[in-house]
Structure formats: structure tokens, C-alpha cells
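> A structural model of the following input is requested.
(4 chains)
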Number of protein chains: 2
Amino acid sequence: MVPNNKQILLGANCPMRQMLDLVGDKWTPPVLYLLSSGTKRYTDFQRRIPGISKKMLTQTLRRLESAGVVNRTVYPIVPPKVEYNLTPFGEKLIEPIAGLAEWAWQNQEELKLIYERQKLKV
Amino acid sequence: MVPNNKQILLGANCPMRQMLDLVGDKWTPPVLYLLSSGTKRYTDFQRRIPGISKKMLTQTLRRLESAGVVNRTVYPIVPPKVEYNLTPFGEKLIEPIAGLAEWAWQNQEELKLIYERQKLKV
DNA sequence: CTGAATCCTTTACGATACTG
DNA sequence: CAGTATCGTAAAGGATTCAG
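The predicted structure is shown next:
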């Protein structure tokens, strides 16, 4: 499916680069992966993704919204209630992300070893 | 395979986070993906990945080497010749990366639209 | 050809305080 | 509850020069 693996250029206008611009930062994959199990609220993300700050969470969600990956639904009540879920495009997009997560869980032993070793290097 | 998708935490010691620490930067995916089609030399990367600087290329390759993902072979000749290829672990690791690339090529139209739209936003 | 070394800019990210 | 605004630091990345 990838045209001529032997000769393609992986530059700025290549699909892979654009894909990485969309999902290749620190928090987007966890956020999307969490959404793959259904609609989530703001606090759900904060609880399930330890370490993410409000700033980064909001920034990530808004960017994904403007990219057409997630829907944001505001309920005009107090206290506020806001729900996030995947758009149809988002549902497709999380497939390769889920693939990454799957692989990570299956190979967590080796990943852990590498992780620990790299940490010491600093 | 992923344990209880409904309740896992995606924090610092979760496999997905460690996976992203390993492959989740700007140049690692293209570099690995290129290596999936066989042994490459330093200049091969420079030609096939437009935009990458020598600094980042070297840094990425050395990190992957120390992580046990790629082998680096130096031929003691002049001019120098250095070859890079995937270790057995690297061969496994590129599977989900290839999945990402596959998806990107299959959905390149939508990705392109998003990419162009986001660019204008700035 | 394959880097190393340096300097510099930009971006990402985190911490904190405040708000309807 | 779900943010916004601001500030500051740290990390990432790029450009350039030099070298075996």
C-alpha cells in the first residue's frame, strides 16, 4: 500500500510526517487512546492520565477538536459539564494508536528495561 | 491484551508512555521506517529524510543504538563507511511504526486537508 | 563520508493563580 | 466543573563550523 518503499521521501509533505504532526506529541496518543473506550469528561482525563497539566490537556483537546478528530459538547448547566468523544475520523485515527498501545503492553518487559537503562544515562 | 481498558492509568510508568519515550519524537519514526527496508548508510538517511539535520540524525541513531534498536557497523576505511540496521528487537519495534505509516498513506487525502487547515491557523 | 562541537532560536511543557 | 492567563524553565531542534 505504501508506494515503493525503496524510494519514497519522508519529508514535510509526506503523509507520515503529517500524521506525526497530528498525533506525534507527548499527550495526544494517551488522550486519544482513552477516548477509544468512549465519551470522556475533562476530569476523566485528569484522573486517567497522571502528570498531564490543565494547560496541556486543554491545548491538546482543542487542537484535536479543530482538526476534526474529537467533538466537544458543552452542557449549559452549573456546575459545567463538558463531554468529549471521537468523530468518525477520530474513530479511524485511533486504530494505529491502539496498535501502538497493544504492542507496548505486549512488550512491556523489554520496554521497561530500556526505559530504566536510558534513565540512568542522564 | 491491554488489561482492563476501562481503568488503566496512562502515567509515567505505563508501557505506552515508555513506548512513546522511545519512538515518540520528530525523527525516530521516519528513521526506523526507512530502516525497515534494510541496511542504510548515513547519507541514505540524509537523502531520504529531507529536512533532518546532521545533529538530529546522529543523535537519533545513537540513541536508538544505545537502546538496542539499531546496530551500527563501522568499516575502518577511508573515506569512512558506516552502516545501520535493525536489531531483532528493532525488527519487532517497527511493526507498529509501519502500521502508522500504512494508515497515513491510506488516509493521505484527509491528512493533507487537516495539515493545510492547521497551517493557516497560525 | 561521517560525524563532533558550538551557539542560538524556538517550542513544549509545567506551576501557579484566578474565574464563571 | 472546566477551564483561562501568565510566567518561567527545560528540552528540542536548526545552522554553522571544523575534523579525521
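> Please identify which helix or strand holds the residue nearest the centre of chain A.
Closest to where the C-alpha atoms of chain A average out (CA atoms, centre = their mean) is residue A:29, at 2.0 Å. Using DSSP states H and E, residue A:29 falls within helix A:28-35.
> Now do the buried residues in the helix or strand of chain A with the lowest mean pLDDT.
In chain A, no helix or strand scores lower on mean pLDDT, DSSP states H and E than helix A:108-121, which sits at a mean of 88. Of all the residues in helix A:108-121, those buried under the rule 16 or more other CB atoms under 10 Å in any protein chain shown are A:108, A:111, A:114, A:115. Just so you know, the C-beta spots here come from the backbone N, C-alpha and C atoms, and that holds for glycine as well.
> same deal with stretch A:98-108?
A:98, A:99, A:100, A:101, A:102, A:103, A:104, A:105, A:107, A:108.
> wait, does the helix holding residue A:29 make contact with chain B?
Yes - interface with chain B: helix A:28-35 contributes A:29, A:30, A:33, A:34 (CB under 8 Å from any CB of the partner chain).
> can you pull the contacts of the residue lying closest to the residue nearest to the centre of chain A once chain neighbours are set aside?
Once flanking residues are discounted, residue A:29 sits nearest to residue A:97: 5.4 Å by CB to CB, 6 or more residues apart in numbering or on different chains. Contacts for residue A:97 (CB atoms under 8 Å, 6 or more residues apart in numbering or on different chains) come out as A:23, A:29, A:32, A:33, A:36.
> quick one, the helix or strand hosting residue A:97 and helix B:108-121 angle?
Element membership of residue A:97, judged by DSSP H and E, is helix A:88-106. For helix A:88-106 against helix B:108-121, the angle by axes from the mean of the first three to the mean of the last three CA atoms, to 10 degrees is 100 degrees.
> Out of the buried residues of helix A:108-121, which is nearest to residue B:56?
Closest approach to residue B:56 among the buried residues of helix A:108-121 (CB to CB): residue A:114, at 20.3 Å.
> Would you mind stating the distance between residue A:47 and residue A:57?
11 Å (CB to CB, to the nearest Å).
> Of those two, which one has the most company?
residue A:57 (17 against 12; other CB atoms under 10 Å in any protein chain shown).
> Could you find the closest non-adjacent residue to the more buried one?
Closest to residue A:57 by CB to CB, 6+ apart is residue A:45, at 5.5 Å.
> give me every residue that touches the residue lying closest to residue A:19 once chain neighbours are set aside.
Of all residues not flanking residue A:19 in the chain, residue B:104 sits nearest, at 3.8 Å (CB to CB, 6+ apart). By CB under 8 Å, 6+ apart, the contact list for residue B:104 reads A:15, A:16, A:18, A:19, B:111.
> Much appreciated, bye for now.
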